[in-house]
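>>> What shape does this take:
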Amino acid sequence: MTKVLIIEDDLEQSKMLAEYLSSANMSVQCSHDGATGIANLKKSNFGIVVLDIGLPDMDGFEVCRNIRTFSSIPVLILTARGDEMDRIIGLEIGADDYLAKPFNPRELLARIKAILRRGSQHTPATPARFGRLEINELARAAYMDGHVIHLTAYQFDLLLTLSKHAGRVLSRDQMMDAMKGHDMDAFDRSIDVHISRIRSQIEDDAKKPKRILTIRGTGYVFAKEQD
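Have a look, this model is predicted:
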C-alpha cells in the first residue's frame with residue numbers, strides 16, 4: 001500500500017484528498033504546516049509527498065527545498081497560483097509535478113500513480129558508468145565521483161533516457177516518446193529547466209557542458225566521451 005504524505009493547511013481540502021486517496025487503497029497522513037510535514041517525513045517511510053504552496057509557517061517552495069536536502073522522494077506541488085513562473089521555480093527546486101487548484105481529485109490520483117509506476121518498472125541490476133558519472137537504474141539514483149546527485153523523478157528519467165542513447169541526438173519529440181507516463185505538456189515547456197538542473201549536478205561548468213550538449217534547432221545529445 002502506497003503511503004502518501006499530504007502537507008496542506010486547508011483542513012477541508014486535506015480531509016477530502018485523504019478520503020479520496022484512501023478509497024484508492026492508499027495510506028494517507030496529513031500535516032497542516034511545513035515544519036510538521038518535514039518532521040513527519042523524517043520519521044516515517046512515505047512513497048510520495050503532496051505539497052501545498054500556501055502554508056502558514058513557510059511556503060511550499062521552502063518546504064520542497066528542505067526536503068531535497070535529505071530525501072529524493074517524489075514531490076507533487078499543489079497551488080492556487082497558475083503562473084508559469086511558479087511552475088518553473090517548483091521544478092528548479094526539486095518538485096516532480098505541479099497541479100494548479102482547483103483540480104479534479106481523479107487527476108491528482110492519476111499523476112500520483114504515474115509517478116509511482118515509473119519507479120516500479122523493471123530495470124537492469126548493473127549500473128551504467130560514464131567516466132565519473134554512475135547511473136543506477138535499479139536504485140533510481142545517480143552518482144558523481146561516488147556522491148549522490150539529487151534529481152527529481154523527471155530529471156533522473158531524462159538523464160537516463162539521454163544516457164541510454166549516448167552519442168545520438170534526440171529531439172524533444174523523441175525524448176517525450178521515450179518518457180511516456182510523464183505529464184508531457186508540462187515536460188515540453190520546461191525541458192530547458194530540467195537540463196539546466198542536471199548539468200548543474202554533473203558538469204564541471206554548467207555553462208560550458210561537455211556531457212549533455214545542446215544541438216541547436218534539433219535537441220540534445222549525451223556525449224559518450226568527454227573532451
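
>>> Would you map the strands across the protein?
Under the criterion DSSP state E, the chain contains strands at 3-7, 27-31, 48-52, 75-79, 97-100, 128-130, 133-136, 141-144, 147-149, 170-171, 212-215, 219-222.

>>> Walk me through the domains of the protein.
Domain ranges of the chain: 3-120, 128-222, per automatic domain parsing.

>>> Go through those domains and find the least confident stretch.
Lowest mean pLDDT within the domains of the chain: domain 128-222, at a mean of 84.

>>> tell me the angle of the lengthiest helix in the chain relative to strand 48-52?
Longest helix in the chain by number of residues (criterion: DSSP state H): helix 105-120. Calculated by axes from the mean of the first three to the mean of the last three Cα atoms, to 10 degrees, helix 105-120 forms an angle of 140 degrees with strand 48-52.

>>> Could I get the buried residue list for helix 105-120?
Buried residues in helix 105-120, counted by 16 or more other Cβ atoms under 10 Å: L108, L109, R111, I112, I115, L116, R118. C-beta here means a position set from N, CA and C on the backbone, and glycine is covered the same way.

>>> and it, what does it pack onto?
On a contact count with 3 or more Cβ pairs under 8 Å, 6 or more residues apart in numbering; DSSP states H and E, helix 105-120 meets helix 11-23, strand 48-52, strand 75-79, strand 97-100, helix 153-164.

>>> looking at it, I198 is touching H150, isn't it?
No - with contacts counted by Cβ atoms under 8 Å, I198 stays clear of H150, the gap being 10.9 Å.

>>> quick one: which of the two has more around it?
For I198 versus H150, neighbours defined as other Cβ atoms under 10 Å are more numerous around I198 (24 against 17).

>>> what's near enough to touch that one?
Going by Cβ atoms under 8 Å, 6 or more residues apart in numbering, I198 touches L151, Q155, L158, L159, I212.

>>> number of nearby residues for E12?
Neighbourhood size, E12 [other Cβ under 10 Å]: 8.

>>> any idea how far it lies from L162?
For E12, the distance to L162 equals 43 Å [Cβ to Cβ, to the nearest Å].

>>> now S22
Remark: distance between S22 and L162 (Cβ to Cβ) = 38 Å.

>>> now I212
Separation of I212 from L162 (Cβ to Cβ): 6 Å.

>>> Overlap in contacts, those two.
Y220, V221, F222.

>>> Pairing partners for the first one in the sheet, please.
Beta bridges link Y220 to L170, T214, judged by DSSP bridges.

>>> For it, give me its contacts.
Going by Cβ under 8 Å, 6+ apart, Y220 touches L162, V169, L170, M175, I195, I212, L213, T214.
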